[in-house]
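Asks: mind folding the following:
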Amino acid sequence: MPTPVQNSILMVEDEEVMRAILRQLLEVAGYDVFTASSAENAMQIFSENDISITLTDIKMSGKDGLELLDQIKSIDAEAMVIIMTAYSSVDTAVAALRKGAYDYVTKPFVNEDLLQTIKNAVTQRRLFNENRFLRRELRGRYDFSEIVGKSDSIQRVFNLVNKVAGTNANVLIQGETGTGKELVARSIHFNSERSEAPFLAVNCGALPESLLESELFGYTRGAFTGAVSDKRGLFRSAAGGTIFLDEIGDMPAVLQVKLLRALQEHEVTPVGASHPVTFDARIIAASNKKLESEVAAGRFREDLFYRLNVVEIDVPPLRDRRDDITLLVKHFVAKSVREQGAGERTVAEKAMASLVNYDWPGNIRELENVIERAVILSADEIKTDSLPSKVSASLTPDKNAGHLTLNELEKRYVGEILTTVNDDKAQAASILGIDLSTLYRKLKKYGEV
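Replies: Numbers count the residues shown, from 1 in each chain. Model prediction:
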């Protein structure tokens with residue numbers, strides 16, 4: 001967990017009596033208080049201590065509160081600064097808000113109101129630190145090592161992710177359901193300069209047209225029945241981050257037009273608004289359909305396709321990367337054991353052979369679910385009886401094979417693996433989950449070495 005923010009306040013006030021009164025009020029409320037009589041003195045204290053909140057008068061001799069705000073923000077862009085001002089200087093306080101101040105209070109202030117404003121700022125600072133910690137955790141979770149595999153096809157994906165992460169280019173990820181398209185998108189985001197900003201995802205095929213438009217572009221209060229307040233929408237809420245438009249091929253035609261305009265102009269018009277607003281977000285889209293085919297069929301706009309498809313990443317189905325299944329099985333076994341608090345699990349040779357031989361129509365998502373189930377149902381070793389029957393049956397001989405012995409089945413399977421990997425015995429042993437010497441012993445038994 002992140003280190004909790006200390007309730008420390010830097011209070012800047014050049015009037016000695018007011019400084020003493022405020023210090024007593026804040027200390028009684030439980031805060032650690034640093035006091036400064038000038039902006040120069042305040043900056044020295046701020047740079048040498050862990051300050052949660054800065055409370056500063058706006059009018060002081062020497063540098064004023066606005067100049068102090070600028071200096072503090074140049075050191076810590078997320079610093080929480082509260083401005084104190086007289087009623088006659090409210091316009092100046094509003095200017096401070098535009099410069100990044102958290103809030104302002106007017107003199108003479110009610111003690112309870114001041115303390116509530118400070119409490120709100122402390123809460124905001126704590127939430128920011130927790131969010132920053134969680135984003136760092138997510139960056140670790142979605143580093144490139146999460147894209148598991150050694151096959152040529154997945155290495156091509158890895159290389160593209162590595163190259164595109166450091167750019168702002170729009171990316172189109174295509175692949176069957178369950179292949180890990182969102183994992184690829186998150187890996188791009190959390191390894192980019194936008195990683196500290198939000199990653200916001202929406203499934204374009206899961207929401208009706210009107211709801212999807214509101215979700216993407218937001219709306220104004222009173223735009224429709226039930227719109228009791230403004231909604232920012234994903235494009236503005238992303239605020240320097242990434243928007244992931246999953247199943248973009250299912251987006252209604254009307255919204256395709258609006259999305260195209262948003263990408264061209266870098267602005268959106270909330271539902272019910274009369275003027276557009278700008279946004280800063282990277283767009284990553286994904287589709288389980290081949291968008292080229294959807295364009296040819298007239299179901300997807302060609303101009304939008306090219307706008308989205310600056311860089312295309314094709315994620316292969318699991319059946320086309322069988323070389324990676326053994327690695328993925330071990331990865332998901334370790335993950336499931338960790339999440340369930342279970343004991344260590346190994347995978348029996350025949351069970352691994354079944355997992356490698358199965359066609360995985362649900363791809364990686366299906367494999368992960370099968371392994372989670374197997375860990376729950378097994379003891380120390382995952383055997384075929386812990387696998388779904390459709391998976392364990394993947395090694396069953398066909399009708400023309402006659403009644404084969406287990407040795408004959410094993411010989412056939414090992415031969416298929418060797419053919420798949422062009423007789424690379426080290427790779428075959430890895431796929432089979434055995435060491436190289438064991439593979440050579442089996443081949444000698446079959447009379448093939």
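
Asks: helices along the stretch 101-250 of the chain, start to end?
Replies: 111-141, 152-164, 181-190, 209-217, 234-237 (DSSP state H, counting those that start in this stretch).

Asks: next, format those helices as JSON lines and append mean pLDDT.
Replies: JSON lines is the format used below for those (pLDDT from 0 to 100):
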{"stretch": "helix 111-141", "mean pLDDT": "74"}
{"stretch": "helix 152-164", "mean pLDDT": "90"}
{"stretch": "helix 181-190", "mean pLDDT": "92"}
{"stretch": "helix 209-217", "mean pLDDT": "91"}
{"stretch": "helix 234-237", "mean pLDDT": "90"}
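
Asks: what's the most buried one of those?
Replies: helix 181-190 (a mean of 23; mean count of other CB atoms under 10 Å). Any C-beta I mention is one placed from the backbone N, CA and C, and that applies to glycine too.

Asks: compare the helices of the stretch 101-250 of the chain and give me the one nearest residue 290.
Replies: With CB to CB as the criterion, residue 290 lies closest to helix 181-190 of the helices of the stretch 101-250 of the chain, at 13.4 Å.

Asks: for the closest one, packing partners?
Replies: Secondary-structure packing of helix 181-190 (3 or more CB pairs under 8 Å, 6 or more residues apart in numbering; DSSP states H and E): helix 111-141, helix 152-164, strand 171-174, strand 199-203, strand 242-246, strand 282-287.

Asks: and these: which comes nearest residue 42?
Replies: Nearest to residue 42, of all the helices and strands packed on helix 181-190, is helix 111-141, at 16.5 Å by CB to CB.

Asks: next, count neighbours for the residue lying closest to residue 233 once chain neighbours are set aside.
Replies: Setting aside the residues directly before and after it, residue 233 is nearest to residue 218 in space (CB to CB, 6 or more residues apart in numbering), at 2.8 Å. By other CB atoms under 10 Å, the residues close to residue 218 number 24.

Asks: just the CA trace of the helix or strand residue 70 falls within, in CSV.
Replies: In the assignment (DSSP states H and E), residue 70 maps to helix 65-75. What follows is the C-alpha trace of helix 65-75 in CSV, where atoms were taken according to Å, rounded to 0.1, in the frame of the first residue of the first chain:
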residue,chain,number,x,y,z
GLY,A,65,0.0,34.3,-3.4
LEU,A,66,-0.3,33.9,-7.2
GLU,A,67,3.5,33.9,-7.6
LEU,A,68,3.8,31.4,-4.8
LEU,A,69,1.2,29.2,-6.5
ASP,A,70,3.2,29.2,-9.7
GLN,A,71,6.4,28.3,-7.9
ILE,A,72,4.8,25.5,-6.0
LYS,A,73,3.1,24.1,-9.1
SER,A,74,6.4,24.2,-10.9
ILE,A,75,7.8,21.8,-8.3
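
Asks: neighbouring strands for the helix or strand that comes right after it, and are they parallel or not?
Replies: Following helix 65-75 in sequence order, the next helix or strand is strand 80-86 (DSSP H and E). Partners of strand 80-86 in the sheet, by DSSP bridges, are strand 53-57 (parallel), strand 103-107 (parallel).

Asks: least confident of the ones you listed, on average?
Replies: The weakest mean pLDDT among these belongs to strand 103-107, with a mean of 87.

Asks: what's the angle from that one to helix 65-75?
Replies: For strand 103-107 against helix 65-75, the angle by axes from the mean of the first three to the mean of the last three CA atoms, to 10 degrees is 160 degrees.

Asks: that older thread, who wins for proximity to residue 128 among the strands paired with strand 80-86?
Replies: Going by CB to CB, the one of the strands paired with strand 80-86 nearest residue 128 is strand 53-57, 12.3 Å.

Asks: go through the helix holding residue 70 and flag the buried ones.
Replies: Buried residues in helix 65-75, counted by 16 or more other CB atoms under 10 Å: 65, 66, 68, 69, 71, 72.

Asks: possible to save the residues you listed as TSV with distance to residue 226 and pLDDT?
Replies: Output for those, formatted as TSV (distance: CB to CB, whole Å; pLDDT from 0 to 100):
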residue	distance to residue 226	pLDDT
65	42	88
66	41	89
68	44	92
69	39	91
71	45	89
72	41	89
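
Asks: for stretch 117-129, what is the distance to the chain centroid?
Replies: 24 Å (CA atoms, centre = their mean, to the nearest Å).

Asks: repeat for stretch 382-393
Replies: 33 Å.

Asks: other residues contacting that stretch?
Replies: Residues outside stretch 382-393 that contact it (CB atoms under 8 Å, 6 or more residues apart in numbering) are 333, 345-348, 350-351, 354-355, 358, 370-371, 373-375, 377-378.

Asks: narrow these to those in helices?
Replies: Using DSSP state H, the subset of the contacts of stretch 382-393 located in helices is 333, 350, 351, 354, 355, 370, 371, 373, 374, 375, 377.
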